[in-house]
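A.B. asks: got a predicted structure here, sequence first:
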Amino acid sequence: MDVVLDVQDLRCGYGDVDVLEELSFTVAASEVLCVLGRNGAGKTTLFKSVLGFLPARGGRVLVDGRALSGWGRRELARTVAYVPQAHAAPFPFTVGEVVLMGRTPHLGVAGAPGRADRAVAEESMDRLGVGHLATRPFTEISGGERQLALIARALTQQPRLLMMDEPTSNLDLGNQARVLHEIRDLAAGGLAIVMISHTPDHAFAVASTAALLRPDRTLRVGTPEQVLTEGALGEAFGRPVRVLTGVGEDGATVRACLPVP
Ligand SMILES: Nc1ncnc2c1ncn2[C@@H]1O[C@H](COP(=O)(O)OP(=O)(O)OP(=O)(O)O)[C@@H](O)[C@H]1O
């Protein structure tokens with residue numbers, strides 16, 4: 001198995017408080033790991049640690065078998081791409097310029113992007129359906145359009161590992177389906193993907209592995225069907241949850257979750 005991200009016994013937090021304790025999981029090429037847990041459980045903290053923004057207090061994070069401390073910043077940016085939540089990115093540039101920034105780690109020291117770099121950016125924009133927005137200011141498009149543009153920027157990096165923080169928040173149903181389809185397609189093409197989601201349905205739809213942060217700070221890892229049971233979801237979110245099953249397009253079982261008011 002081609003393991004891209006290997007997290008072993010990770011412990012991290014802020015001040016004198018540990019938010020995450022002894023978390024372990026791996027993500028291989030072509031796998032999609034979906035991280036779920038209640039508000040404040042530590043999902044973003046986990047991302048910060050894997051991206052090298054928050055030092056681990058214990059355990060280790062290996063990318064392609066090498067500890068994060070052994071990677072140069074540009075080198076890591078050629079391998080790991082991050083899609084932030086769209087509301088956190090008020091860039092004063094056009095959509096096309098923001099997407100082209102994804103090429104930055106691939107350029108030489110004095111490098112300006114060339115024709116090949118622009119072609120990669122255009123292909124990414126077409127893939128996410130935002131090519132027609134290329135000349136629009138990034139600050140003057142909708143939240144959903146910004147989300148799609150940020151995913152296009154991350155693809156323009158041509159990474160091995162894609163870290164996505166709630167990639168379907170802000171998106172209408174059609175665009176949620178578009179992004180989920182792309183996530184499945186990118187994984188099939190060999191990318192390793194880690195996504196945070198508040199929608200267990202999306203883990204059932206595209207994830208090979210679900211990782212559920214529980215109130216006792218432990219992580220339950222397995223297939224979505226193993227991990228996202230009514231009991232485990234009820235315990236994790238503190239309210240009863242129903243898991244409903246139906247028949248999908250191809251006759252396969254599909255699952256959706258409903259919080260019980
Ligand atoms: N910079 C910080 N300094 C101190 N505590 C922090 C900081 N950032 C987050 N925390 C705390 O760490 C815990 C985990 O926060 P985190 O943002 O990782 O949760 P999350 O699972 O991403 O939540 P949400 O679903 O609401 O986005 C929370 O208790 C939060 O208050």
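C.D. replies: Cool, got the structure.
A.B. asks: mind listing the helices for the stretch 1-150 of the chain?
C.D. replies: Here the stretch 1-150 of the chain has its helices, by DSSP state H, counting those that start in this stretch, at 43-50, 73-79, 95-100, 115-127, 143-156.
A.B. asks: other SSEs contacting the third one?
C.D. replies: What it means is helix 95-100. helix 115-127, helix 143-156 (3 or more Cβ pairs under 8 Å, 6 or more residues apart in numbering; DSSP states H and E). (Glycine included, C-beta is placed from N, CA and C.)
A.B. asks: over to the longest one?
C.D. replies: Helix 143-156 is packed against strand 80-83, helix 95-100, helix 115-127, strand 161-165, helix 173-188, with contacts defined by 3+ Cβ pairs under 8 Å, 6+ apart.
A.B. asks: these: which one's closest to residue 145?
C.D. replies: helix 95-100 (7.8 Å; Cβ to Cβ).
A.B. asks: reformat the helices of the stretch 1-150 of the chain as TSV; add distance to residue 172, mean pLDDT and mean neighbour count.
C.D. replies: Below are these laid out as TSV (distance: least, Cβ to Cβ, whole Å; pLDDT from 0 to 100; neighbours: other Cβ atoms under 10 Å):
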stretch	distance to residue 172	mean pLDDT	mean neighbour count
helix 43-50	23	93	21
helix 73-79	31	89	15
helix 95-100	18	93	23
helix 115-127	18	92	16
helix 143-156	6	90	25
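A.B. asks: select, out of the helices and strands packed on helix 143-156, the one closest to residue 14.
C.D. replies: So among those, strand 161-165 is nearest, using Cβ to Cβ, at 17.9 Å.
A.B. asks: okay, which residue is most central for this structure?
C.D. replies: Nearest to the mean C-alpha position of the chain, counting by Cα atoms, centre = their mean, stands residue 164 at 1.9 Å.
A.B. asks: got a list of what that residue touches?
C.D. replies: 82-83, 151, 154, 183, 193-196 (Cβ atoms under 8 Å, 6 or more residues apart in numbering).
A.B. asks: where does the prediction get shaky in this protein?
C.D. replies: 87-91, 109-110 (pLDDT under 70).
A.B. asks: other SSEs contacting the host helix or strand of residue 234?
C.D. replies: Here residue 234, judged by DSSP states H and E, is contained in helix 230-237. For helix 230-237, the elements it packs on are strand 209-213, strand 241-247, judged by 3+ Cβ pairs under 8 Å, 6+ apart.
A.B. asks: okay, these, which one's buried deepest?
C.D. replies: Across the helices and strands packed on helix 230-237, averaging neighbours per residue (mean count of other Cβ atoms under 10 Å) puts strand 209-213 on top, at a mean of 24.
A.B. asks: quick one: contacts of that strand?
C.D. replies: 25, 27, 31-38, 41-43, 46, 200, 203, 219-224, 226-228, 232-233, 236.
A.B. asks: quick check: buried residues in the next helix or strand after it?
C.D. replies: As assigned by DSSP H and E, the chain's next helix or strand after strand 209-213 is strand 219-222. Going by neighbour count (16 or more other Cβ atoms under 10 Å), the buried part of strand 219-222 is 219-221.
A.B. asks: which other helices and strands does the helix or strand that comes right after strand 219-222 contact?
C.D. replies: Sequence-wise, the next helix or strand downstream of strand 219-222 (DSSP H and E) is helix 224-227. Identification of packing neighbours for helix 224-227 by 3+ Cβ pairs under 8 Å, 6+ apart yields helix 200-206, strand 209-213.
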